[in-house]
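1. my questions are about this predicted structure, shown below with the sequence.
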Amino acid sequence: MIVRRPSGERGHANHGWLDSFHTFSFAGYRDPRHTGFRALLVINEDRVAPGRGFGAHSHDNMEIISYVLEGALEHRDSLGTGSIIRPGDVQRMTAGTGVTHSEANPSPTEPVHFLQIWITPDDDDLDPGYEQRTLDPAALRGTLKLIGARDGRDGAVTIHQDVEVFASRLDRGSSVTHEIRAGRHAWVQVVDGDLDVNGVALGAGDGAAVSEEKALRLRAASDAHFLLFDLA
(Lines give C-alpha, C1' and ligand atoms only; values in the text may rest on other atoms or scores of the structure.)
Protein backbone atom coordinates (compact mmCIF):
# COMPACT_ATOMS: atom_id res chain seq x y z
CA MET A 1 0.00 0.00 0.00
CA ILE A 2 1.34 3.41 -1.02
CA VAL A 3 -0.35 6.58 0.23
CA ARG A 4 0.70 9.82 -1.45
CA ARG A 5 1.23 12.97 0.60
CA PRO A 6 0.84 15.79 -1.94
CA SER A 7 3.18 18.73 -1.73
CA GLY A 8 0.32 21.22 -2.00
CA GLU A 9 -1.40 19.80 1.07
CA ARG A 10 1.57 20.27 3.39
CA GLY A 11 1.47 22.80 6.17
CA HIS A 12 2.95 26.16 5.21
CA ALA A 13 4.37 29.04 7.21
CA ASN A 14 5.93 32.13 5.65
CA HIS A 15 7.62 34.40 8.18
CA GLY A 16 9.32 36.60 5.61
CA TRP A 17 12.85 35.50 6.47
CA LEU A 18 11.71 31.83 6.62
CA ASP A 19 9.48 30.03 4.13
CA SER A 20 8.72 26.54 5.45
CA PHE A 21 6.63 23.59 4.30
CA HIS A 22 5.73 20.89 6.83
CA THR A 23 5.09 17.32 5.68
CA PHE A 24 3.94 16.45 9.22
CA SER A 25 2.41 18.46 12.06
CA PHE A 26 4.90 21.02 13.32
CA ALA A 27 4.78 24.22 15.41
CA GLY A 28 1.50 26.01 14.59
CA TYR A 29 0.50 23.48 11.94
CA ARG A 30 -1.56 20.66 13.41
CA ASP A 31 -3.17 17.89 11.37
CA PRO A 32 -4.16 14.69 13.23
CA ARG A 33 -3.94 12.77 9.95
CA HIS A 34 -0.27 13.68 9.54
CA THR A 35 1.65 13.48 12.80
CA GLY A 36 4.66 11.56 11.52
CA PHE A 37 5.22 8.09 10.10
CA ARG A 38 6.71 5.38 12.30
CA ALA A 39 9.84 6.95 13.91
CA LEU A 40 9.91 9.72 11.28
CA LEU A 41 8.45 12.76 13.03
CA VAL A 42 9.34 15.85 10.97
CA ILE A 43 10.26 16.69 7.38
CA ASN A 44 10.42 20.45 6.94
CA GLU A 45 11.46 22.02 3.65
CA ASP A 46 12.94 25.37 4.65
CA ARG A 47 14.19 28.39 2.76
CA VAL A 48 16.02 31.01 4.85
CA ALA A 49 16.70 34.52 3.57
CA PRO A 50 20.28 35.86 3.29
CA GLY A 51 21.78 36.84 6.62
CA ARG A 52 18.89 35.43 8.65
CA GLY A 53 18.38 32.27 10.67
CA PHE A 54 17.19 30.44 13.75
CA GLY A 55 18.61 31.92 16.96
CA ALA A 56 19.87 29.78 19.82
CA HIS A 57 17.19 27.31 20.94
CA SER A 58 17.13 23.94 22.66
CA HIS A 59 16.08 20.37 21.84
CA ASP A 60 16.13 17.09 23.69
CA ASN A 61 15.49 13.42 22.89
CA MET A 62 15.52 13.80 19.13
CA GLU A 63 17.74 12.84 16.18
CA ILE A 64 17.91 15.88 13.88
CA ILE A 65 19.22 15.57 10.32
CA SER A 66 19.91 18.53 8.04
CA TYR A 67 20.24 17.97 4.28
CA VAL A 68 21.19 21.11 2.35
CA LEU A 69 19.90 21.48 -1.21
CA GLU A 70 21.11 24.97 -2.15
CA GLY A 71 23.22 27.59 -0.43
CA ALA A 72 24.95 27.15 2.92
CA LEU A 73 23.81 26.67 6.52
CA GLU A 74 25.94 27.69 9.48
CA HIS A 75 25.57 25.51 12.59
CA ARG A 76 26.72 26.30 16.15
CA ASP A 77 25.84 24.38 19.30
CA SER A 78 26.48 24.02 23.01
CA LEU A 79 28.78 21.05 22.32
CA GLY A 80 31.28 23.52 20.85
CA THR A 81 30.54 22.55 17.26
CA GLY A 82 30.79 25.17 14.55
CA SER A 83 30.39 24.17 10.92
CA ILE A 84 29.09 25.17 7.50
CA ILE A 85 26.77 22.68 5.79
CA ARG A 86 26.60 22.82 2.00
CA PRO A 87 24.90 20.79 -0.74
CA GLY A 88 26.26 17.26 -0.56
CA ASP A 89 26.64 17.44 3.24
CA VAL A 90 24.58 15.47 5.74
CA GLN A 91 24.47 16.57 9.38
CA ARG A 92 23.17 14.57 12.33
CA MET A 93 22.69 16.06 15.79
CA THR A 94 21.64 13.88 18.70
CA ALA A 95 19.81 16.15 21.13
CA GLY A 96 19.60 13.47 23.85
CA THR A 97 19.71 14.97 27.35
CA GLY A 98 19.62 18.44 25.80
CA VAL A 99 21.53 20.65 23.40
CA THR A 100 21.26 24.30 22.39
CA HIS A 101 22.04 25.27 18.83
CA SER A 102 21.57 27.94 16.18
CA GLU A 103 21.28 27.70 12.40
CA ALA A 104 21.86 30.68 10.14
CA ASN A 105 22.35 31.59 6.51
CA PRO A 106 25.84 33.13 6.40
CA SER A 107 25.45 34.50 2.86
CA PRO A 108 24.59 38.19 2.48
CA THR A 109 23.05 37.58 -0.95
CA GLU A 110 21.91 33.97 -1.46
CA PRO A 111 19.09 32.07 0.29
CA VAL A 112 19.64 28.61 1.75
CA HIS A 113 17.26 25.75 0.92
CA PHE A 114 17.37 22.60 3.05
CA LEU A 115 15.43 19.74 4.58
CA GLN A 116 15.27 19.40 8.34
CA ILE A 117 14.35 15.90 9.45
CA TRP A 118 13.51 14.73 12.96
CA ILE A 119 13.58 11.07 13.96
CA THR A 120 12.51 9.79 17.36
CA PRO A 121 15.48 7.96 18.94
CA ASP A 122 15.21 4.42 20.25
CA ASP A 123 16.18 5.52 23.76
CA ASP A 124 15.76 8.65 25.87
CA ASP A 125 18.51 10.75 27.43
CA LEU A 126 21.33 9.76 25.10
CA ASP A 127 24.57 11.72 25.27
CA PRO A 128 24.31 14.68 22.89
CA GLY A 129 26.41 14.35 19.77
CA TYR A 130 27.15 15.79 16.34
CA GLU A 131 28.26 14.25 13.06
CA GLN A 132 28.69 15.58 9.53
CA ARG A 133 29.55 13.79 6.29
CA THR A 134 30.24 15.09 2.79
CA LEU A 135 28.85 13.04 -0.08
CA ASP A 136 30.37 12.77 -3.53
CA PRO A 137 27.51 13.87 -5.84
CA ALA A 138 28.47 11.10 -8.25
CA ALA A 139 27.82 8.55 -5.49
CA LEU A 140 24.08 9.38 -5.59
CA ARG A 141 23.73 9.05 -9.35
CA GLY A 142 21.73 6.05 -10.49
CA THR A 143 21.71 4.31 -7.13
CA LEU A 144 20.42 4.44 -3.56
CA LYS A 145 23.23 5.87 -1.47
CA LEU A 146 23.04 5.14 2.25
CA ILE A 147 23.44 8.44 4.13
CA GLY A 148 22.13 7.51 7.60
CA ALA A 149 21.85 4.26 9.57
CA ARG A 150 21.96 2.88 13.10
CA ASP A 151 25.39 1.30 12.51
CA GLY A 152 26.82 4.23 10.54
CA ARG A 153 28.18 1.87 7.90
CA ASP A 154 29.54 2.87 4.49
CA GLY A 155 30.23 6.42 5.59
CA ALA A 156 26.64 7.15 6.69
CA VAL A 157 25.90 9.26 9.74
CA THR A 158 24.87 7.26 12.80
CA ILE A 159 21.18 7.47 13.72
CA HIS A 160 20.06 6.12 17.09
CA GLN A 161 17.03 4.34 15.69
CA ASP A 162 16.23 1.33 13.48
CA VAL A 163 16.12 3.35 10.29
CA GLU A 164 18.09 3.57 7.06
CA VAL A 165 18.09 6.77 5.01
CA PHE A 166 19.06 6.75 1.33
CA ALA A 167 19.55 9.57 -1.17
CA SER A 168 19.37 9.19 -4.92
CA ARG A 169 19.60 11.15 -8.15
CA LEU A 170 18.12 9.45 -11.18
CA ASP A 171 18.32 10.54 -14.79
CA ARG A 172 15.06 10.56 -16.70
CA GLY A 173 13.98 7.02 -17.56
CA SER A 174 16.36 5.31 -15.14
CA SER A 175 15.24 3.34 -12.10
CA VAL A 176 16.36 1.66 -8.90
CA THR A 177 14.72 -1.05 -6.80
CA HIS A 178 14.62 -1.29 -3.03
CA GLU A 179 13.55 -4.47 -1.26
CA ILE A 180 11.50 -4.06 1.93
CA ARG A 181 11.95 -6.76 4.53
CA ALA A 182 8.90 -8.30 6.16
CA GLY A 183 7.31 -6.07 8.79
CA ARG A 184 9.13 -2.92 7.64
CA HIS A 185 7.85 0.28 6.08
CA ALA A 186 9.20 3.12 3.95
CA TRP A 187 8.74 6.80 3.28
CA VAL A 188 9.74 8.41 -0.03
CA GLN A 189 10.32 12.18 -0.15
CA VAL A 190 10.87 13.82 -3.54
CA VAL A 191 13.26 16.76 -3.50
CA ASP A 192 13.05 17.60 -7.18
CA GLY A 193 11.73 16.11 -10.40
CA ASP A 194 9.10 13.45 -11.08
CA LEU A 195 9.21 9.92 -9.72
CA ASP A 196 7.07 6.83 -10.26
CA VAL A 197 6.91 4.56 -7.20
CA ASN A 198 5.26 1.23 -8.02
CA GLY A 199 2.93 3.07 -10.37
CA VAL A 200 2.22 6.01 -8.04
CA ALA A 201 3.33 9.35 -9.53
CA LEU A 202 5.15 11.76 -7.23
CA GLY A 203 6.39 15.28 -7.95
CA ALA A 204 8.69 17.73 -6.20
CA GLY A 205 7.74 18.11 -2.53
CA ASP A 206 5.48 15.04 -2.56
CA GLY A 207 5.94 12.23 -0.07
CA ALA A 208 4.56 8.72 0.15
CA ALA A 209 3.97 6.31 3.02
CA VAL A 210 4.70 2.69 2.11
CA SER A 211 3.45 -0.38 3.99
CA GLU A 212 2.87 -4.01 3.06
CA GLU A 213 5.03 -3.81 -0.04
CA LYS A 214 7.81 -6.31 -0.73
CA ALA A 215 9.81 -3.99 -2.95
CA LEU A 216 9.79 -0.50 -4.43
CA ARG A 217 10.62 0.22 -8.04
CA LEU A 218 11.49 3.90 -8.30
CA ARG A 219 11.61 5.23 -11.85
CA ALA A 220 12.41 8.80 -12.83
CA ALA A 221 9.83 10.33 -15.17
CA SER A 222 12.17 13.34 -15.32
CA ASP A 223 15.54 13.89 -13.68
CA ALA A 224 14.75 13.27 -10.01
CA HIS A 225 16.35 13.75 -6.60
CA PHE A 226 14.75 12.02 -3.60
CA LEU A 227 15.22 10.51 -0.15
CA LEU A 228 14.06 7.05 0.92
CA PHE A 229 13.55 6.11 4.57
CA ASP A 230 13.43 2.39 5.46
CA LEU A 231 11.70 2.16 8.85
CA ALA A 232 10.82 -0.46 11.43
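-> The structure has been received and is ready for your questions.

2. and the protein, what are its domains?
-> 11-134, 137-231 (automatic domain parsing).

3. figure out which of those is closest to residue 1.
-> When the domains of the chain are compared by CB to CB, domain 137-231 sits nearest residue 1, at 5.1 Å. (C-beta placed from N, C-alpha, C; glycine too.)

4. okay if I get the domains of the chain as TSV plus mean neighbour count and distance to residue 5?
-> Below are the domains of the chain laid out as TSV (neighbours: other CB atoms under 10 Å; distance: least, CB to CB, whole Å):
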stretch	mean neighbour count	distance to residue 5
domain 11-134	17	6
domain 137-231	18	4
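
5. make a markdown table out of those domains and add distance to residue 1 and mean pLDDT.
-> Formatted as a markdown table, these follow (distance: least, CB to CB, whole Å; pLDDT from 0 to 100):
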| stretch | distance to residue 1 | mean pLDDT |
| --- | --- | --- |
| domain 11-134 | 13 | 96 |
| domain 137-231 | 5 | 97 |
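
6. residue 4: which of the ones you listed is closest?
-> Of the domains of the chain, nearest to residue 4 by CB to CB is domain 137-231, at 5.2 Å.

7. now distance to residue 4 too, for the domains of the chain, in JSON lines please.
-> Below are those laid out as JSON lines (distance: least, CB to CB, whole Å):
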{"stretch": "domain 11-134", "distance to residue 4": "12"}
{"stretch": "domain 137-231", "distance to residue 4": "5"}
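
8. so the residue positioned nearest the centre of the chain, which state does it fall into?
-> Residue closest to the average C-alpha location in the chain (CA atoms, centre = their mean): residue 117, at 4.3 Å. The three-state label given to residue 117 by DSSP: H, G, I helix; E, B strand; the rest coil is strand.

9. can you check the one 4 residues further on too?
-> Under the three-state scheme (three-state DSSP), residue 121 adopts coil.

10. show me the contacts for the nearest residue to residue 28 once chain neighbours are set aside.
-> Distance criterion CB to CB, 6 or more residues apart in numbering; nearest residue to residue 28, sequence neighbours excluded, is residue 13 at 6.6 Å. Residue 13 makes contacts with 19-20, 22, 27-29, as judged by CB atoms under 8 Å, 6 or more residues apart in numbering.

11. using the three-state scheme, assign residue 13.
-> Assignment for residue 13 (three-state DSSP): strand.

12. distance check, it against residue 73.
-> 18 Å (CB to CB, to the nearest Å).

13. in a helix, residue 8, correct?
-> Yes: Residue 8: assigned to a helix according to three-state DSSP.
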